[in-house]
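A.B. asks: structure here, sequence nowhere to be found:
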């Protein structure tokens with residue numbers, strides 16, 4: 001494998017995405033893999049066998065199913081797909097608009113001169129630009145680049161959504177994003193200049209003006225980031241374990257798989273026209289722990305660790321079709337399929353191409369993958385997916401290695417990592433909202449106390465990793481982690497409700513939002529925690545509209561924005577539908593609607609027994625063991641404290657499983673690579689030299705006599721990078737096994 005350092009880039013600065021494909025120029029364009037993330041050798045090699053367009057293959061199912069898409073002759077963006085003309089008569093107006101101004105056109109805007117022209121026109125006369133370009137360009141095309149014009153709520157300003165596979169970001173990257181916010185001017189119509197952590201482990205920047213976009217895009221490229229294909233009908237941010245590579249009890253590290261998948265889907269961040277014209281958005285998750293932190297049951301496609309039912313080979317069972325929408329919410333279904341580790345990218349490629357070619361493009365509320373599976377039938381869908389795999393075969397469901405009796409853990413607080421003496425600190429960020437100053441502070445803490453990385457979770461929180469035990473107390477004493485931050489409340493040890501509180505942007509920023517979510521979620525949670533002693537965490541999710549971006553259906557108690565009658569005036573006021581019974585983890589289930597149209601109201605009405613607080617308080621008492629406090633407990637408090645959690649040593653079987661997933665094979669692989677040894681006495685440790693592309697070209701250890709030692713995959717290494725005499729050298733600093 002490569003080494004831990006490759007996940008965060010050299011010297012705390014990620015390699016630009018444009019550099020990643022240098023070693024892989026001989027592979028097909030759609031099958032490039034990143035140069036700094038090839039820890040899964042077999043998987044990387046299999047990328048070359050993934051079919052280039054998918055639609056060129058004959059359908060494996062009987063008529064009337066035939067591909068609806070075809071390849072476009074577009075020299076500016078080779079590989080672009082479009083809906084065939086004879087199928088355009090049955091598509092929605094949205095699809096018609098996409099055909100004129102689709103994501104590929106947006107990508108051409110980015111990499112050509114058009115984006116700068118748009119920026120200059122916006123600076124000179126926004127109204128003229130808006131009238132000339134029409135809504136399709138500003139409100140649709142730019143979504144393919146991650147720019148969302150909020151015409152109803154913040155006219156002339158955009159939300160920018162980042163691609164951040166597995167939610168991993170460096171301190172430098174977070175500082176850069178915060179600086180982008182620093183450079184924006186807040187006006188009466190811009191809304192708050194801030195950032196949100198999404199329920200797909202990514203960042204959204206709010207208040208971005210079009211004039212600033214070219215410089216921001218340049219900075220994204222420099223910092224190894226991209227916003228390409230984060231909106232419109234594309235694959236959304238890929239979700240893996242938020243503590244991948246840290247958790248002693250993880251099954252395997254999901255990061256390299258996520259990086260390979262993301263770089264294939266986005267062509268290393270440049271944009272991949274093969275996947276920019278899907279019928280609808282598409283969510284992918286890959287499970288790395290028994291906890292199922294990734295919520296696989298609500299994704300269109302999810303990989304769950306399993307063994308082949310006959311050979312025992314490690315790989316993945318596949319579930320498909322999970323979705324939330326205004327018209328339907330369903331959990332993912334078993335596809336009765338298993339793939340080896342080497343086919344992870346190929347399987348995702350095949351499912352996406354089947355969805356692209358056969359998926360419905362009519363009414364927008366019936367175009368997700370589940371509707372295609374319903375119409376084709378699972379067996380026909382499965383056969384079409386199999387036909388597009390490298391060997392044309394797809395094994396039946398294997399034996400899951402996930403423990404169904406596992407009790408899901410919390411990532412918040414202080415937890416021992418795999419490495420002796422290191423800890424991660426999970427910090428609750430109330431409803432995922434941060435100011436630029438908060439982001440700068442988090443970046444500083446990551447550098448000062450940890451390994452320079454930050455991780456985002458689907459619960460909209462942040463994990464600081466690599467904190468030495470000797471510095472944990474000092475970190476916990478930092479003002480930011482003691483209910484600090486611009487909006488307050490940040491802490492590793494939140495209350496029983498705040499620890500599981502999630503909220504979408506709501507009506508503050510979203511034109512679909514029926515109610516304000518984040519402010520209401522915090523105010524009501526504060527009130528409930530002040531009134532009640534709650535024995536265990538109660539997860540509450542707020543979503544402003546039936547589209548359920550806040551995922552109300554996965555919560556213990558879900559709040560979905562709706563209109564409601566005021567109990568006295570009978571006038572319509574903001575309210576919520578209440579959902580109960582959602583479960584996450586090994587035995588997941590979606591919540592069911594219980595009570596409709598409960599008015600939200602405010603503190604005065606709550607004190608009189610009216611509004612949402614008395615209703616929810618009663619639920620907490622009757623179903624979750626909550627007890628009324630004798631006196632109110634106000635939010636906030638003193639300095640947080642912790643008790644040391646002992647490092648868990650995984651069993652031999654666990655370690656073997658982890659190593660197998662990390663190398664792509666259960667067979668020990670000897671690394672036949674050559675390189676130059678640097679004096680042990682000079683550096684104090686064995687070292688390796690990197691080639692010009694930043695790849696490890698010498699991965700052997702030498703003993704004190706400089707005798708060559710071959711390392712097997714059961715050896716764990718940590719390598720620190722440093723420039724020495726003009727050469728980037730990796731210094732071996734940790735060996736285990």
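C.D. replies: Okay, I see it. Every value quoted in this text rests on a predicted model; they were computed, and no experiment measured them.
A.B. asks: from start to finish, how long is stretch 459-477 in a straight line?
C.D. replies: In stretch 459-477, first residue to last residue: 24 Å (Cα to Cα, to the nearest Å).
A.B. asks: quick check: mean pLDDT of that stretch?
C.D. replies: Here stretch 459-477 scores 97 as its mean pLDDT.
A.B. asks: list the buried residues for that stretch?
C.D. replies: For stretch 459-477, burial by neighbour count (16 or more other Cβ atoms under 10 Å) applies to 459, 460, 461, 462, 463, 464, 465, 466, 467, 472, 475, 476. All C-beta spots, glycine's among them, are computed from the backbone N, C-alpha and C.
A.B. asks: and the residues you listed, which two are the farthest apart?
C.D. replies: Greatest spatial distance in those: 460 and 472, 23.3 Å, computed using Cβ to Cβ.
A.B. asks: stretch 583-597: end-to-end distance?
C.D. replies: By Cα to Cα, one end of stretch 583-597 lies 23 Å from the other end.
A.B. asks: measure how far that stretch is from the centre of its chain, please.
C.D. replies: Stretch 583-597 sits 22 Å away from the centroid of its parent chain (Cα atoms, centre = their mean, to the nearest Å).
A.B. asks: and it, what's buried?
C.D. replies: So for stretch 583-597, counting by 16+ other Cβ under 10 Å, buried means 583, 584, 585, 586, 588, 590, 591.
A.B. asks: make JSON lines out of those and add distance to residue 573, pLDDT and secondary structure.
C.D. replies: Output for the buried residues of stretch 583-597, formatted as JSON lines (distance: Cβ to Cβ, whole Å; pLDDT from 0 to 100; DSSP: H, G, I helix; E, B strand; the rest coil):
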{"residue": "583", "distance to residue 573": "31", "pLDDT": "93", "secondary structure": "strand"}
{"residue": "584", "distance to residue 573": "31", "pLDDT": "92", "secondary structure": "coil"}
{"residue": "585", "distance to residue 573": "36", "pLDDT": "89", "secondary structure": "coil"}
{"residue": "586", "distance to residue 573": "40", "pLDDT": "87", "secondary structure": "coil"}
{"residue": "588", "distance to residue 573": "34", "pLDDT": "92", "secondary structure": "coil"}
{"residue": "590", "distance to residue 573": "28", "pLDDT": "94", "secondary structure": "coil"}
{"residue": "591", "distance to residue 573": "24", "pLDDT": "93", "secondary structure": "coil"}
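A.B. asks: could you export these as JSON lines, including distance to residue 265?
C.D. replies: Listed next are these as JSON lines, based on distance: Cβ to Cβ, whole Å:
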{"residue": "583", "distance to residue 265": "30"}
{"residue": "584", "distance to residue 265": "25"}
{"residue": "585", "distance to residue 265": "27"}
{"residue": "586", "distance to residue 265": "28"}
{"residue": "588", "distance to residue 265": "25"}
{"residue": "590", "distance to residue 265": "27"}
{"residue": "591", "distance to residue 265": "30"}
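A.B. asks: tell me which of the residues you listed is nearest to residue 361?
C.D. replies: For those, the nearest to residue 361 is residue 590 (26.5 Å; Cβ to Cβ).
A.B. asks: for that closest one, list the residues it contacts.
C.D. replies: By Cβ atoms under 8 Å, 6 or more residues apart in numbering, residue 590 lies in contact with 297, 298, 329, 330, 331, 553, 554, 582.
A.B. asks: can you do 10 Å?
C.D. replies: For residue 590, the contact set (Cβ atoms under 10 Å, 6 or more residues apart in numbering) comprises 297-298, 322, 324, 329-331, 551-555, 558, 579, 581-583.
A.B. asks: residue 211 contacts residue 122, doesn't it?
C.D. replies: Yes: Residue 211 lies in contact with residue 122 (Cβ atoms under 10 Å); the separation is 5.6 Å.
A.B. asks: higher neighbour count, those two?
C.D. replies: A direct count of neighbours by other Cβ atoms under 10 Å for residue 211 and residue 122 places residue 122 higher, at 20 against 17.
A.B. asks: return the set of buried residues in the host helix or strand of that one.
C.D. replies: Assigned by DSSP states H and E, residue 122 belongs to helix 114-124. For helix 114-124, burial by neighbour count (16+ other Cβ under 10 Å) applies to 115, 118, 119, 121, 122.
A.B. asks: pretty sure the second one sits against residue 128.
C.D. replies: Meaning residue 118. No: if you go by Cβ under 10 Å, residue 118 and residue 128 don't touch, sitting 12.0 Å apart.
A.B. asks: residue 663 reaches residue 341, doesn't it?
C.D. replies: Yes: here residue 663 lies in contact with residue 341, judged by Cβ under 10 Å, at a distance of 8.9 Å.
A.B. asks: who's more crowded, these two?
C.D. replies: Of the pair residue 663 and residue 341, residue 341 is the one with more neighbours under other Cβ under 10 Å, namely 24 against 21.
A.B. asks: is it correct that that one is in contact with residue 257?
C.D. replies: Yes: the pair residue 341 / residue 257 is scored as a contact, 8.3 Å apart, by Cβ under 10 Å.
A.B. asks: if we can go back for a sec, now, which of the buried residues of stretch 583-597 sits nearest residue 69?
C.D. replies: Nearest to residue 69 among the buried residues of stretch 583-597 is residue 590, at 31.7 Å by Cβ to Cβ.
A.B. asks: mind pulling the model confidence for the nearest residue to that closest one once chain neighbours are set aside?
C.D. replies: Spatially, and ignoring its direct neighbours in sequence, residue 590 is nearest to residue 553 (4.5 Å; Cβ to Cβ, 6 or more residues apart in numbering). Looking at residue 553, its pLDDT stands at 94.
A.B. asks: what of the one 4 residues further on?
C.D. replies: pLDDT, the model's per-residue confidence, is 97 for residue 557.
A.B. asks: now swap in residue 693 and tell me
C.D. replies: 38.
A.B. asks: now do the one 5 residues further on
C.D. replies: At residue 698 the predicted local distance difference test score is 39.
A.B. asks: same check on residue 480?
C.D. replies: 97.
A.B. asks: for the stretch 201-350 of the chain, which residues score under the pLDDT cut-off?
C.D. replies: The model of the stretch 201-350 of the chain has no residue with pLDDT under 70.
A.B. asks: test my guess that residue 195 contacts residue 179.
C.D. replies: No: counting by Cβ under 10 Å, residue 195 does not reach residue 179; the two are 11.7 Å apart.
A.B. asks: shaky segments in the stretch 1-150 of the chain?
C.D. replies: 1-64, 101-113, 134.
A.B. asks: repeat that with 90
C.D. replies: 1-67, 70-82, 84-90, 93-124, 127-145, 150 (pLDDT under 90).
A.B. asks: how about the strands in the stretch 101-250 of the chain?
C.D. replies: 147-149, 158-161, 168-170, 194-197, 203-208 (DSSP state E, counting those that start in this stretch).
A.B. asks: can I assume residue 404 is in contact with residue 304?
C.D. replies: No: using Cβ under 10 Å, residue 404 and residue 304 do not qualify as a contacting pair, with a distance of 11.7 Å.
A.B. asks: and those two? Which one has more around it.
C.D. replies: More crowded of residue 404 and residue 304, by other Cβ under 10 Å: residue 304, with 24 against 9.
A.B. asks: look up phi and psi at the more buried one.
C.D. replies: Here is the backbone geometry of residue 304 (degrees, to the nearest 10): phi -120, psi 130.
A.B. asks: and it, what are its bridge partners?
C.D. replies: Under DSSP bridges, the beta-bridge partners of residue 304 are residue 317.
A.B. asks: if we can go back for a sec, dump the buried residues of helix 114-124 to CSV, plus distance to residue 230.
C.D. replies: Shown next, in CSV, are the buried residues of helix 114-124 (distance: Cβ to Cβ, whole Å):
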residue, distance to residue 230
115, 16
118, 18
119, 19
121, 24
122, 21
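A.B. asks: fine, thanks again, bye for now.
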